[in-house]
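Trainee: What shape does this take:
(chains A and B)
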Amino acid sequence: MALITNTQESYYNQSQSFTGNGTLVDFTLTTTYFPTIPTAKNKIKIFVSGKEINSANYNYPKTGSTAIVQFISNTDNTDVLESSGAPKNSLKITVSEASPSEKYGNYRYLSLNDLINNYMVAYVGDGKIIDDVKKTDILFHSKRGLQEFNYDISRIEKIQEIELGPSLSMPMPQDYINYVRISFADSAGVEHIIYPASFTSKPSQSILQDSDYNYIFDTDGSLLTGTPVTDDRFQNFDITRLTSAAKDSAVTYDADNNAETIITPGARYGLNPETTQENGVFVVDELNGKINFSSDLASNIITLKYISDGLGTDDEMKIHKLAEDAMYKYITHAVASTKANMPEYVINRFRKEKRAAMRNAKLRLSNIKLGELTQIMRGKSKFIKH
Amino acid sequence: MAISVDKIYKTVLTILNREQRGQLAPGQFNKLAQQAQIELLERAYYDYSRSLNKKNEVGANNDYGNMPKNLKEKIDIFSKDAELLIVGIKSIKPSIDVKSRTGISLPTQVTAGTYSNLATTSNGSGTGLTVTVVATTNTFSTVTTVARGTGYIAGDVITIPQASMTGANSDCTFPIESTDLINSNVDFPTDVYRIINLSRSSRSINFEELTKSEYTYVNSSKLTTPSETYPIYYRDYDGLKINPISLIGENLTMDYVKIPDAPIWNASSTAGPYGSVVIDTAASVDFELHPSEETNLIIRLLSYIGVIIKDPLVIQTVQKQEQTNFQKENI
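Mentor: Residues are numbered from 1 along each chain as shown, chains lettered A, B, ... in the order given. The predicted structure follows:
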């Protein structure tokens, strides 16, 4: 059986078409056209012969997964609907989603359910690699595999964009595992990478002390803590002192040389490449799950590219087809290595297969295209010609 | 695919009579027949397992020599499936005879009609039972369960409010009896011998069978928590317990091996040739075993009969024959 089961109209338009005969008033929507049947009347639009139909002219009763468009009148649509509401003979009726709910490009992926079912069919059973295993075990290993693949192989990066407020802090996204890149977008929408600050940190505790620098304790014996001073100081810090950027006040016009010149020579002596940039810096507060930025980034548009583990929502639980085989190999090795009495040489064989398949998947998903690579290299070297 | 009970009975009698070892009454034969049939079915499991292990060790033969396949056939002929409703634990069975039970209190007046899907209340912790009442004028014909509810125990008193039945002059109350209750999530078919598999959604989703101890761990891990896509079940004294409970109200398909129907040899009231006793085929039940089990069935029956007629020679002969067969199978 072919893998594509829905129609092209269903995919591109997320709509279903019928032809009127002048008397038929009921039209049933099917999952062949709508993978998710629209839930309510306000989720659909109906066109007859290209003209949008007044929503008062039809009902949309939905019971379970069965939904019917029922034409009932022809107010304002007498040119395409009969008085009974039935679309006129031979006219094309198109029912489409008001805002398409399905994402495009899902063919690239295999759902976790399909993956597990495929695995159970092909790898588990009498006379196969794994004679018997619980589906729960496969579920566990495939989810763990999905996590590992998301960390190392998958190309899915999530991107959050916020305008940085005066707190100079951004909470980690709900499904955040680690950042890939943090940048700010300038007025042209071009992203400028923001680098992590290795020269400061976010203390998780600021211990209160008395005038003799002794720790202060609560009545129950626990330490009293306050707001970290390091954090305050960093937020109020003049970042140009670190980046060695010349301030406006340090620049003056030198009439003798007919050019602008810096009047504080020596300030840029001995530049540290790590800090010699004006994009700002950030500090990750791992304990509280926040990302803090330097003060020069206030009111900027920050984009956070991060990876998740692919298990946050049911929709995310899918594997790219280019990594499908690697996932089967991953599960096989995981099951074999946790199974009693499995010969070590068999486990080793599975491990090698897994590593080779994962390397292959990573290479495929790295999306290295010869044409693109050549174009990039042209900018770097004159040796590459057509 | 059945084995004629008449043929087996006559063969057994022939062997016994040839050796002048006595007679076997049909009643005695019937009692032994089912025992022998179940024993051979159970033995088929062991034989199947042994043949699989052997196949894994020394390889498989194709076609007629494929012993695992041949042995599986012996079990397959008993496999069945059933569509079952998943219900709440301690719910009420679908067709309970309420009207004639002790302790029921019915209104003496009611308007004729069908009162569908009436909500009930209980003096216990059970909830959700709805019933349909059919009444003729001032008489209740039937009270049947619609939604089975959950959490009921024997002794709970169910009340159908007076207001829900037109013309009723009082509430209708009746007690729950232990036989009304389904203590698990599934009302088992009565002929289940062994469960093969549970599935749902037109057999597209299998239920995973877990042990009770595994269930706790599986349930507590977020990676393996049972869901409607990965449902599980475990078995206990009460029957099957299913998770997640959101599946209550849906159907599942149970594939199972059924208990063989008990073979019966019944004599006809009409005498046969020369006044002989002949079988009443309409009132008799054949063996359901695979035809290849015919010889084994006779041997098994003879070994039981040897005990009945107190003849050690029969038992020894049969045991020897069985041993020979076993050795042949394991070559």
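Trainee: Name the SS class of the closest residue to A:Gln14 other than its chain neighbours, please.
Mentor: Nearest residue to A:Gln14, sequence neighbours excluded (Cβ to Cβ, 6 or more residues apart in numbering or on different chains): A:Pro100, at 4.3 Å. Glycine gets a C-beta too; all of them are placed from N, C-alpha and C. When classified by DSSP: H, G, I helix; E, B strand; the rest coil, A:Pro100 comes out as coil.
Trainee: Thought B:Phe140 was touching B:Phe174, still the case?
Mentor: No - counting by Cβ atoms under 8 Å, B:Phe174 does not reach B:Phe140; the two are 10.4 Å apart.
Trainee: the more surrounded of those two?
Mentor: When B:Phe174 and B:Phe140 are compared on other Cβ atoms under 10 Å in any protein chain shown, the one with more neighbours turns out to be B:Phe174, at 23 against 20.
Trainee: Who is that one paired with across the strands?
Mentor: B:Ile158 (DSSP bridges).
Trainee: what does the stretch 151-300 of chain B put close to chain A?
Mentor: Listed as neighbours of chain A in the stretch 151-300 of chain B under the rule Cβ under 8 Å from any Cβ of the partner chain: B:Asn206, B:Glu208, B:Leu210, B:Glu214, B:Val218, B:Ser221, B:Leu223, B:Thr224, B:Thr229, B:Tyr230, B:Ile232.
Trainee: what's the burial count for the first one?
Mentor: So the one you mean is B:Asn206. Neighbour tally, B:Asn206, other Cβ under 10 Å: 18.
Trainee: Now do the contacts for the nearest residue to it once chain neighbours are set aside.
Mentor: Counting by Cβ to Cβ, 6+ apart, the nearest residue to B:Asn206 once its immediate chain neighbours are dropped is B:Ser199, at 5.0 Å. Contacts for B:Ser199 (Cβ atoms under 8 Å, 6 or more residues apart in numbering or on different chains) come out as B:Ile205, B:Asn206, B:Phe207, B:Leu252, B:Thr253, B:Asp255.
Trainee: Can I take it that B:Ser199 is in a strand?
Mentor: Yes - counting by three-state DSSP, B:Ser199 is part of a strand.
Trainee: Could you check how far it is from chain A?
Mentor: Distance, B:Ser199 to chain A, using Cβ to the nearest Cβ, to the nearest Å: 12 Å.
Trainee: Dig out what that residue forms beta bridges with.
Mentor: The partner residues for B:Ser199, given DSSP bridges, come to B:Asn206, B:Thr253.
Trainee: picking up where we left off before, just the buried ones out of the residues of the stretch 151-300 of chain B next to chain A, please.
Mentor: Applying 16 or more other Cβ atoms under 10 Å in any protein chain shown to those, the neighbour count classes B:Asn206, B:Glu208, B:Leu210, B:Glu214, B:Val218, B:Thr224, B:Thr229, B:Tyr230, B:Ile232 as buried.
Trainee: Tell me which two in those are the farthest apart.
Mentor: The distance between the two most remote of those (Cβ to Cβ) is 18.7 Å, for B:Glu214 and B:Thr229.
Trainee: Against B:Val131, how distant is the closest residue to B:Gly167 other than its chain neighbours?
Mentor: Excluding the flanking residues, the one nearest B:Gly167 by Cβ to Cβ, 6+ apart is B:Thr111, at 3.4 Å. Distance of B:Thr111 to B:Val131, given as Cβ to Cβ, to the nearest Å: 17 Å.
Trainee: which helices and strands does the helix or strand harbouring A:Asp232 pack with?
Mentor: Using DSSP states H and E, A:Asp232 sits in helix A:229-235. Other helices and strands packing on helix A:229-235, by 3 or more Cβ pairs under 8 Å, 6 or more residues apart in numbering or on different chains; DSSP states H and E, are strand A:290-293.
Trainee: partners of the next helix or strand after the strand it packs on in the sheet?
Mentor: As assigned by DSSP H and E, the chain's next helix or strand after strand A:290-293 is strand A:301-307. Partner strands for strand A:301-307, per DSSP bridges, with pairing direction: strand A:158-163 (antiparallel), strand A:178-185 (antiparallel).
Trainee: Do a quick rundown of the helices in the chain.
Mentor: You didn't say which chain, so I picked chain A. Along chain A, counting by DSSP state H, helices occupy A:8-13, A:112-123, A:135-152, A:229-235, A:240-243, A:324-337, A:344-365, A:370-380.
Trainee: That was the other one, I meant chain B.
Mentor: So, for chain B - with DSSP H - the helices run B:5-18, B:26-58, B:67-76, B:212-220, B:294-308, B:312-329.
Trainee: ok, of these, where does mean pLDDT dip lowest?
Mentor: Across the helices of chain B, helix B:312-329 has the smallest mean pLDDT, namely a mean of 74.
Trainee: Which positions within that helix qualify as buried?
Mentor: B:Val314, B:Ile315, B:Thr317, B:Val318, B:Gln321.
Trainee: One more: stretch A:170-189?
Mentor: A:Met170, A:Met172, A:Pro173, A:Tyr176, A:Ile177, A:Tyr179, A:Ile182, A:Ser183, A:Phe184.
Trainee: Show me which residues of the stretch 1-150 of chain A sit near chain B.
Mentor: So far as Cβ under 8 Å from any Cβ goes, the stretch 1-150 of chain A lies against chain B at A:Asn113, A:Asp126, A:Gly127, A:Asp131, A:Lys134, A:Lys135, A:Thr136, A:Leu139, A:Phe140, A:Lys143, A:Arg144.
Trainee: Flag the least confident of the residues you listed.
Mentor: Minimum confidence in these sits at A:Gly127, scoring 81.
Trainee: Tell me which residues touch it, please.
Mentor: So A:Gly127 contacts B:Lys55, B:Asn56, B:Ala60 (Cβ under 8 Å, 6+ apart).
Trainee: any chance of those residues in CSV, plus distance to B:Asn183?
Mentor: Listed next are the contacts of A:Gly127 as CSV, based on distance: Cβ to Cβ, whole Å:
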residue, distance to B:Asn183
B:Lys55, 40
B:Asn56, 40
B:Ala60, 43
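Trainee: Which one of these is nearest to A:Asp315?
Mentor: B:Asn56 (41.2 Å).
Trainee: okay, now the closest one: neighbour count?
Mentor: When neighbours are counted by other Cβ under 10 Å, B:Asn56 comes out with 13.
Trainee: What separation is there between it and chain A?
Mentor: Taking Cβ to the nearest Cβ, one finds B:Asn56 at 7 Å from chain A.
Trainee: what's the pLDDT at the nearest residue to B:Ile264 once chain neighbours are set aside?
Mentor: Using Cβ to Cβ, 6+ apart and skipping the chain neighbours, the partner closest in space to B:Ile264 is B:Val285 (4.5 Å). B:Val285 is assigned 95 on the pLDDT scale.
Trainee: can you check B:Ile248 too?
Mentor: pLDDT, B:Ile248: 90.
Trainee: How about B:Ile309?
Mentor: The model's pLDDT for B:Ile309 equals 62.
Trainee: repeat for A:Lys380
Mentor: Predicted confidence (pLDDT) for A:Lys380: 68.
Trainee: so how far is B:Leu223 from B:Tyr230?
Mentor: In terms of Cβ to Cβ, B:Tyr230 sits 10 Å off from B:Leu223.
Trainee: okay, and the common contacts of these two?
Mentor: A:Leu139.
Trainee: doesn't A:Gly20 make contact with A:Ser84?
Mentor: No - under the criterion of Cβ under 8 Å, A:Ser84 makes no contact with A:Gly20, lying 11.2 Å away.
Trainee: contacting residues for B:Ser303?
Mentor: B:Val314, B:Ile315, B:Val318, B:Gln319, B:Glu322.
Trainee: Just the buried ones from the residues of the stretch 1-150 of chain A next to chain B, in ChimeraX syntax?
Mentor: This is how ChimeraX selects the buried members of these, with burial counted by 16+ other Cβ under 10 Å:
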select /A:113,134,135,136,139,140,143,144
